[in-house]
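Undergrad: Just to be clear, the model below is a prediction. Sequence and coordinates:
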Amino acid sequence: MARPFDVARPFDLVIWGCTGFTGKLVAEYFARDVSPRHPKLRWALCGRSLNKVEAVKSEVRAQWPSVDPPVLTGTSDDQASVDAVVGQCKVLLTTAGPYLTRGTPVVDACVRLGTHYVDITGETSWVADLLDKYHHDAVKNNVLIVPMSGYDSIPSDLGVLFAVHNVRARFGQSTRRVHSIIEMSGTLSGGTLATGIEMGRDFPEHLLRQDDPFCMGGGTIARAEDEDQFDALFDDDLKVWTQPFMMAQLNTRVVRRSNAWLHYGTGFSYGESQMAPDEASARKVAKSTQAQRSNAANMWKVSDKLRETGRLPKQGEGPSPEQRSKSWFHHHIVASAADGRKLLCEVRGGDPGYTETAKMLSESALCLLLDRDQLCQRGGVLTPAAAGGLVLVQRLHNAGITFDVVRELPVALSKL
C-alpha cells in the first residue's frame with residue numbers, strides 16, 4: 001500500500017470543508033501565514049459545492065493576490081469522491097462536522113490510501129469508535145489520524161504534556177496529578193451550535209457515552225479524582241473559586257488517552273474547571289449546569305428553536321473579526337510531582353474557538369507534513385500529544401500560542 005511520502009501526489013495538503021466558518025479561517029491562515037513561510041507548499045481547497053469553494057478562493061485571492069490554490073470538490077455522502085480527493089494529498093485537514101455523520105468516510109479513505117489526517121471534532125464517542133475500528137490499520141499503514149486538533153483539545157492535551165515534561169526536567173519526578181483552571185472569553189459559531197444540536201437531538205446515546213471518564217480509554221474504573229466537576233469548589237493552589245467548565249468532559253478524556261500512551265506517572269489523574277470571579281458566581285453556574293444535565297433533551301430543543309427564529313447564529317455564521325480580536329483563553333495548569341511538589345504552567349492564546357482553532361489545526365497538519373521524521377509514533381488514531389508531542393508544542397509556541405512555566409508553588413501550598 002502506498003504511504004504518504006512514498007509516492008508523488010499533486011498536493012501536499014487539502015483543506016476539506018473550506019466553505020464553513022472555520023474552514024474559511026483555515027484558508028485565510030494558509031494564505032496569510034503559511035504560504036509566505038512555505039512558498040513551495042502545494043495546498044488546495046475542497047468542499048461539497050464548486051461554486052462555494054470558488055467563492056472562498058475569490059475571497060482569499062482578493063486579500064492575497066499571489067495565492068492561487070486549486071479547487072476540488074467532494075462529499076462524504078459519496079465514498080468515491082472522498083477517495084478521489086484523499087488520494088491526491090499527503091495530509092488532509094477537515095473542519096466539516098458533525099464528524100459522527102460526515103467524518104468516518106474521510107478517515108476510512110485516509111487510512112486505506114495512506115494520507116495523514118487532522119480535524120477539530122469534539123465528539124469523543126466518535127473518536128472512541130475510530131480507535132476501535134481504525135487504530136490497528138493506521139499503525140500498520142504508518143498513517144497518523146489525529147482528531148480533536150482545535151481548541152478541543154490542544155491547549156489541554158499539549159498543556160498537560162508540557163507541564164509533565166517540565167516536572168521531569170525540574171524535579172526529576174513523574175507526575176501524579178494535573179489540574180487545569182481555565183479562563184476564557186469567546187463566542188459560538190452557527191456550525192459549532194449546529195453540531196451540538198444535532199448530536200443532542202439525534203444521537204443522545206453518544207452524549208451519554210461521553211459521561212464515561214474513560215470513554216476514549218486510558219483507564220477502566222473511575223476514582224474520585226477522575227470524576228467531572230459539577231459543583232462550585234475553592235482551589236487552594238491558586239486561591240480562586242472554580243465552576244464547571246463546559247469542555248472538561250471532552251478534554252479530560254483526551255488527556256487520559258494520552259497518558260495511556262505516554263505514561264505521565266503512576267496513578268496519574270487529570271481534572272479541569274473554569275475560574276469564577278467569586279463564590280456566588282461559581283455556585284450559580286454550577287446550579288445551572290446541573291439543571292441542564294438533568295434536562296439535556298429539552299435544552300437542545302430550545303437551542304434549535306432559538307436558531308430557527310434567528311436569535312442564534314446559523315451555519316456559516318460566526319463572530320466578527322472585531323469580536324474575535326477581543327476573545328482569548330488562558331489555561332492555568334497545576335502539575336503535582338510524585339513527591340508532592342507542584343509546578344504552575346500556562347497556555348495562552350487569542351480567540352479560542354475560531355482564530356486560534358484555525359491556527360492549531362493548520363499547524364498540526366504542517367507538523368504531520370513537515371516534521372514527520374521528528375515524531376515518535378509510527379501511526380494510529382492518536383491524540384495531539386501522542387502524535388505531535390513537544391514538536392507540536394514548539395510549533396504552536398512559534399505561531400503565537402504561548403506555553404510557559406510560571407513558577408514552583410510555595411511549599412505551604414503544596415502540602416508536603
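TA: Here it is on my side, so go on. Keep in mind that this is a model prediction, so the values were computed, not measured.

Undergrad: What ranges does the stretch 101-250 of the chain have for its strands?
TA: Under the criterion DSSP state E, counting those that start in this stretch, strands of the stretch 101-250 of the chain are mapped to 116-119, 144-146, 175-185, 233-235, 240-243.

Undergrad: Dump those strands to TSV, plus mean pLDDT.
TA: Output for those, formatted as TSV (pLDDT from 0 to 100):
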stretch	mean pLDDT
strand 116-119	98
strand 144-146	98
strand 175-185	96
strand 233-235	98
strand 240-243	98
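
Undergrad: how about these in CSV, adding mean neighbour count?
TA: Any C-beta I mention is one placed from the backbone N, CA and C, and that applies to glycine too. Shown next, in CSV, are the strands of the stretch 101-250 of the chain (neighbours: other CB atoms under 10 Å):
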stretch, mean neighbour count
strand 116-119, 29
strand 144-146, 27
strand 175-185, 21
strand 233-235, 15
strand 240-243, 22
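
Undergrad: Let's have those strands in CSV, adding distance to residue 89.
TA: CSV is the format used below for the strands of the stretch 101-250 of the chain (distance: least, CB to CB, whole Å):
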stretch, distance to residue 89
strand 116-119, 9
strand 144-146, 14
strand 175-185, 33
strand 233-235, 45
strand 240-243, 43
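
Undergrad: Out of the ones you listed, which gets nearest to residue 251?
TA: Taking CB to CB, strand 175-185 is the member of the strands of the stretch 101-250 of the chain nearest to residue 251, at 7.8 Å.

Undergrad: partner strands of the closest one, parallel or antiparallel?
TA: strand 269-276 (parallel), strand 328-337 (antiparallel) (DSSP bridges).

Undergrad: ok, residue 288 - how many residues close by?
TA: Around residue 288 sit 12 other residues, with neighbours defined as other CB atoms under 10 Å.

Undergrad: just to revisit the earlier point, tabulate the strands paired with strand 175-185 (a markdown table), appending distance to residue 56.
TA: As requested, the strands paired with strand 175-185 are exported to a markdown table (distance: least, CB to CB, whole Å):
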| stretch | distance to residue 56 |
| --- | --- |
| strand 269-276 | 34 |
| strand 328-337 | 27 |
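
Undergrad: I'd like to know which of those is closest to residue 356.
TA: Across those, closest to residue 356 is strand 328-337 (CB to CB), at 7.3 Å.

Undergrad: Now do the very next helix or strand once past that closest one, average pLDDT.
TA: As assigned by DSSP states H and E, the chain's next helix or strand after strand 328-337 is strand 342-349. Confidence for strand 342-349, expressed as mean pLDDT, is 98.

Undergrad: next one: the next helix or strand after strand 342-349 to chain centre, how far?
TA: Sequence-wise, the next helix or strand downstream of strand 342-349 (DSSP H and E) is helix 355-370. Taking CA atoms, centre = their mean, to the nearest Å, one finds the center of helix 355-370 at 11 Å from the center of the full chain.

Undergrad: swap in stretch 261-272?
TA: 19 Å.

Undergrad: One more: stretch 281-299?
TA: 24 Å.

Undergrad: what does it contact?
TA: Contacts with stretch 281-299, where a contact means CB atoms under 8 Å, 6 or more residues apart in numbering, come from 200-201, 204, 207, 230-233, 241-244, 274, 276.

Undergrad: same thing with stretch 20-29?
TA: Contacts of stretch 20-29 (CB under 8 Å, 6+ apart): 15, 17-18, 45, 47, 56-57, 59-60, 63, 69, 93, 95-96, 120, 150, 189-191, 315-318, 354-355, 357-359, 361-362.

Undergrad: Could you rerun that using 7 Å?
TA: Residues outside stretch 20-29 that contact it (CB atoms under 7 Å, 6 or more residues apart in numbering) are 15, 17-18, 45, 56, 60, 93, 95-96, 120, 189-191, 316-318, 354-355, 357-359, 361-362.

Undergrad: circling back: buried members of the contacts of stretch 281-299 into PyMOL, please.
TA: Buried residues within those, by 16 or more other CB atoms under 10 Å, are selected in PyMOL with:
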select buried, resi 200+207+230+232+233+241+242+243+244+274+276
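
Undergrad: which two in the contacts of stretch 281-299 are spaced the farthest apart?
TA: Between any two of the contacts of stretch 281-299 (CB to CB), the greatest distance is 33.5 Å, for 201 and 241.

Undergrad: what's the neighbour count on residue 32?
TA: Residues near residue 32, counting by other CB under 10 Å, number 13.

Undergrad: picking up where we left off before, pull out the buried members of the contacts of stretch 20-29.
TA: Among the contacts of stretch 20-29, the ones that count as buried by 16+ other CB under 10 Å are 15, 17-18, 45, 56, 60, 93, 95-96, 120, 189-191, 318, 354-355, 357-359, 361-362.
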